[in-house]
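J.: Dropping the sequence and predicted coords here.
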Amino acid sequence: MFPVSDRWRESLSLARYEPVVQWSLDRGNTWLDLTVHDGSISGASTSQVRWTARGIIVSGAEIGRRALSPYGARIRVFMRMHFDRHTYETVPLGVYRVEEVSQQGLRPGRAQLDGLSLEAQVQDERFHQPRTIAVGTGQYWATTLIKEVLPEIGMSWRLGDSNIPQLVEERDRWGLIDGRSRDPSIAKSLGGRVFCDSRGSFVAAPVPTLEDEPVWTLTAGPGGALVEPQQTLSRDGVYNQIVASGASENGQPPIGPSVASDDDPVSPTYYQGPFGAVPLFYTSKLITTLSQCQTTALGLLAPRLGLKQKVSVSSLVNYAIEPDDVITVTMPDETVENHIVDSVSFSLTGGSMSLQTRSTTSPAGGRITLEGDNAEYGEGTFDE
């Protein structure tokens, strides 16, 4: 959750909100105000682009190639909570590359904007030719590859670090940094994720677990948010074991494997229970030590455990909530559960907030067990 004051937390049901949107044509050196009329923001930890702005209707800017357009313009979004006529607090809601500008069907002087957070820019700028990556730390190379594209953007590193081996990447810059689920990336080899936060800076952080400290509490009934849980139970995308190993390089034996398992007997996805063992195999040339195998296995297991649920909050909207936050939810039957927020969406002009969450009775992350060499582990990335 974006850091906010106690007064913010205590005023969620009382304060007046004001959305703020600004735009820039010079990569964020100068920002100009826009008038906001409508729009929505969503953030998802499971998406390659964490923040998405949709249907942002604004006025107060010229539309065109050298003005507000998809040809280099950015917008940034904030939400102000007004405590009284003279005091307010502001939280950021993302910095976006403008993807589309439309005036169709709108009043004169208005435009509708769609935008994606700045991971999209790094994803687009692929290597022109195969890129040799020398031996160096994961932090050095992840930061270097991002700043080659966005030199003005900050980078916060919250992961551990280790050297990655020399390698050659053909085209995919983002796949080497973080990438899709099947990419053998620097972030996965260190048990974490790289993403753009709500302030527009890049962050490398561990994958959250249900053992992390909750940042917010939702309670049904008087005095709390009106929580309407809509539970969808599905096995799709749920694994209770990760088998991670380092790929064999230059005739050397492969590293690992290491196995992370949901080994809590009371968990609905206990690997020796009725759910059964559902392993996901991951091999990466970036894994060079057994310690990395363990870290990678834990990091890949955490987001794949748990029952997916949707929690709709119809009376309170907390614009400081972000993907990967751990929250405590008290259900109408007084059941208390910790949930990991996979995605959050809300309107800029009021209404409800929707959270897509995961919860399980098992401490997310499981327990590491080590196995001997296994010749069946090949050069692939994920093998389901």
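T.: Arrived safely, thanks for sending. Numbering: from 1, shown residues only.

J.: List the contacts of Pro3.
T.: Ala320 (C-beta atoms under 8 Å, 6 or more residues apart in numbering). C-betas here are computed from N, CA, C, even on glycine.

J.: does it sit in a helix or strand, and which one?
T.: Taking DSSP states H and E as the definition, Pro3 sits outside all helices and strands.

J.: any idea of the pLDDT on it?
T.: In this model, Pro3 is scored at 96, pLDDT.

J.: Assumed Gln121 was part of a helix.
T.: Yes - remark: Gln121 belongs to a helix, assigned using DSSP: H, G, I helix; E, B strand; the rest coil.

J.: Please tell me I have it right and it contacts Arg97.
T.: Yes - under the criterion of C-beta atoms under 8 Å, Gln121 makes contact with Arg97 at 5.8 Å.

J.: Spit out the contact partners of Arg97.
T.: Arg97 neighbours (C-beta under 8 Å, 6+ apart): Arg74, Gly115, Leu116, Ser117, Leu118, Ala120, Gln121.

J.: mind redoing it with 7 Å?
T.: Applying C-beta atoms under 7 Å, 6 or more residues apart in numbering to Arg97 gives the contacts Arg74, Gly115, Leu116, Leu118, Ala120, Gln121.

J.: And for the fourth one, the neighbour number?
T.: Applying other C-beta atoms under 10 Å, we find 26 other residues in the vicinity of Leu118.

J.: which stretches of the stretch 201-350 of the chain form strands?
T.: Taking DSSP state E, counting those that start in this stretch as the criterion, the stretch 201-350 of the chain carries its strands at 202-206, 216-219, 227-231, 241-246, 255-261, 279-284, 307-313, 326-330, 336-347.

J.: could I get those as CSV with mean pLDDT?
T.: Shown next, in CSV, are the strands of the stretch 201-350 of the chain (pLDDT from 0 to 100):
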stretch, mean pLDDT
strand 202-206, 95
strand 216-219, 85
strand 227-231, 64
strand 241-246, 86
strand 255-261, 85
strand 279-284, 86
strand 307-313, 64
strand 326-330, 87
strand 336-347, 88
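
J.: Any chance of these in CSV with distance to Phe2 and mean neighbour count as columns?
T.: Compiled in CSV, the strands of the stretch 201-350 of the chain are given as follows (distance: least, C-beta to C-beta, whole Å; neighbours: other C-beta atoms under 10 Å):
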stretch, distance to Phe2, mean neighbour count
strand 202-206, 12, 21
strand 216-219, 11, 18
strand 227-231, 21, 15
strand 241-246, 30, 26
strand 255-261, 30, 25
strand 279-284, 32, 22
strand 307-313, 17, 18
strand 326-330, 14, 19
strand 336-347, 12, 20
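
J.: Quick check: which of the ones you listed is nearest to Val21?
T.: strand 336-347 (13.6 Å; C-beta to C-beta).

J.: Neighbouring strands - and their directions - for that closest one?
T.: strand 32-44 (antiparallel), strand 326-330 (antiparallel), strand 353-359 (antiparallel) (DSSP bridges).

J.: Can you tell me which of these has the worst average pLDDT?
T.: strand 353-359 (a mean of 82).

J.: circling back to that earlier point, could I get the strands of the stretch 201-350 of the chain as TSV with distance to Asp178?
T.: Putting these into TSV (distance: least, C-beta to C-beta, whole Å) gives the following:
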stretch	distance to Asp178
strand 202-206	8
strand 216-219	26
strand 227-231	30
strand 241-246	17
strand 255-261	20
strand 279-284	13
strand 307-313	22
strand 326-330	21
strand 336-347	16
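
J.: By neighbour count, which of the contacts of Arg97 wins?
T.: Gly115 (30 neighbours).

J.: can you confirm it is in a strand?
T.: Yes - counting by three-state DSSP, Gly115 is part of a strand.

J.: Going along the chain, name the helices of this structure.
T.: 6-10, 119-124, 138-147, 173-177, 186-189, 290-301 (DSSP state H).

J.: Would you tell me which one of the ones you listed is buried the most?
T.: Ranked by mean neighbour count under mean count of other C-beta atoms under 10 Å, the helices of the chain are led by helix 186-189, which reaches a mean of 26.

J.: which helices and strands does it pack with?
T.: helix 138-147, helix 173-177, helix 290-301 (3 or more C-beta pairs under 7 Å, 6 or more residues apart in numbering; DSSP states H and E).

J.: which stretch in those helices has the least confidence?
T.: helix 290-301 (a mean of 84).

J.: Highest mean neighbour count out of the strands paired with strand 336-347?
T.: Using mean count of other C-beta under 10 Å, strand 353-359 ranks as the most buried of those, with a mean of 22.

J.: just how off-centre is that strand within its chain?
T.: 13 Å (C-alpha atoms, centre = their mean, to the nearest Å).

J.: now stretch 118-133
T.: For stretch 118-133, the distance to the chain centre is 20 Å (C-alpha atoms, centre = their mean).

J.: Start and end of that stretch, how far apart?
T.: 23 Å (C-alpha to C-alpha, to the nearest Å).

J.: Report the rounded mean pLDDT for that stretch.
T.: Computed over stretch 118-133, the average pLDDT equals 94.

J.: contacting residues for Thr296?
T.: By C-beta under 7 Å, 6+ apart, the neighbours of Thr296 are Lys188, Ser189, Gly191, Ala244, Tyr282, Ile287.

J.: Try it again at 8 Å.
T.: Applying C-beta under 8 Å, 6+ apart, the residues contacting Thr296 are Lys188, Ser189, Leu190, Gly191, Ile242, Ala244, Ser258, Tyr282, Ser284, Ile287.

J.: Roughly how far does the closest residue to it other than its chain neighbours sit from Glu89?
T.: With sequence-adjacent residues excluded and distances taken as C-beta to C-beta, 6 or more residues apart in numbering, Thr296 is closest to Ala244, at 4.4 Å. For Ala244, the distance to Glu89 (C-beta to C-beta, to the nearest Å) stands at 42 Å.
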